[in-house]
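Q: need a structure here:
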Amino acid sequence: MTNEIEHSLYNWLFNYNTYTKQWNAFHRDDKEAYFGNGLECKSKISSKTIDTLLYMLIKTNGKPEEFDSLVDE
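A: Take a look at the predicted model:
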């Protein structure tokens, strides 16, 4: 189980925004987009708790295209 969790979090970065009081996670490939060079950050997810972000990443094995499937649970 530990290896599965570590693998699903690989290449994901986390940032806390003190102004919005939100945690954000985004894939490492999207770091330039996240930090504002004008591109849309396609992998960004946000939540008030980091636990929610960890849950989403672990449950989907770190695949952003599967985030919508969590809504049906």
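Q: tell me which element the most centrally placed residue in the chain falls in.
A: Residue closest to the average C-alpha location in the chain (CA atoms, centre = their mean): residue 25, at 3.2 Å. Assigned by DSSP states H and E, residue 25 belongs to strand 22-27.
Q: which positions within that strand qualify as buried?
A: 23-27 (16 or more other CB atoms under 10 Å). C-beta: built from backbone N, CA, C; applies to glycine.
Q: and that strand, what other elements does it pack with?
A: strand 12-17, helix 31-34, strand 45-47, helix 50-59 (3 or more CB pairs under 8 Å, 6 or more residues apart in numbering; DSSP states H and E).
Q: any idea which of these gets closest to residue 6?
A: helix 50-59 (9.8 Å; CB to CB).
Q: mind listing what's buried along that closest one?
A: Judged by neighbour count (16+ other CB under 10 Å), helix 50-59 contains these buried residues: 53-54, 56-58.
Q: could you check the angle strand 22-27 makes with that helix?
A: If you take axes from the mean of the first three to the mean of the last three CA atoms, to 10 degrees, helix 50-59 sits at 20 degrees to strand 22-27.
Q: who's in contact with helix 50-59?
A: Identification of contacts with helix 50-59 by CB atoms under 8 Å, 6 or more residues apart in numbering yields 4-5, 8-9, 12, 14, 16, 23-25, 45-47, 67, 70.
Q: rounded mean pLDDT for it, please.
A: For helix 50-59, mean pLDDT is 94.
Q: can you give me the distance of the closest residue to the residue nearest to the centre of the chain other than its chain neighbours to residue 37?
A: Closest residue to residue 25 apart from its sequence neighbours, by CB to CB, 6 or more residues apart in numbering: residue 53 at 4.4 Å. Residue 53 sits 23 Å away from residue 37, taking CB to CB, to the nearest Å as the criterion.
Q: contacts only, for the residue lying closest to residue 40 once chain neighbours are set aside.
A: Nearest non-adjacent residue to residue 40, counting by CB to CB, 6+ apart: residue 33, 6.2 Å away. Contact analysis of residue 33 by CB under 8 Å, 6+ apart lists 26, 39-42.
Q: done for today, thanks.
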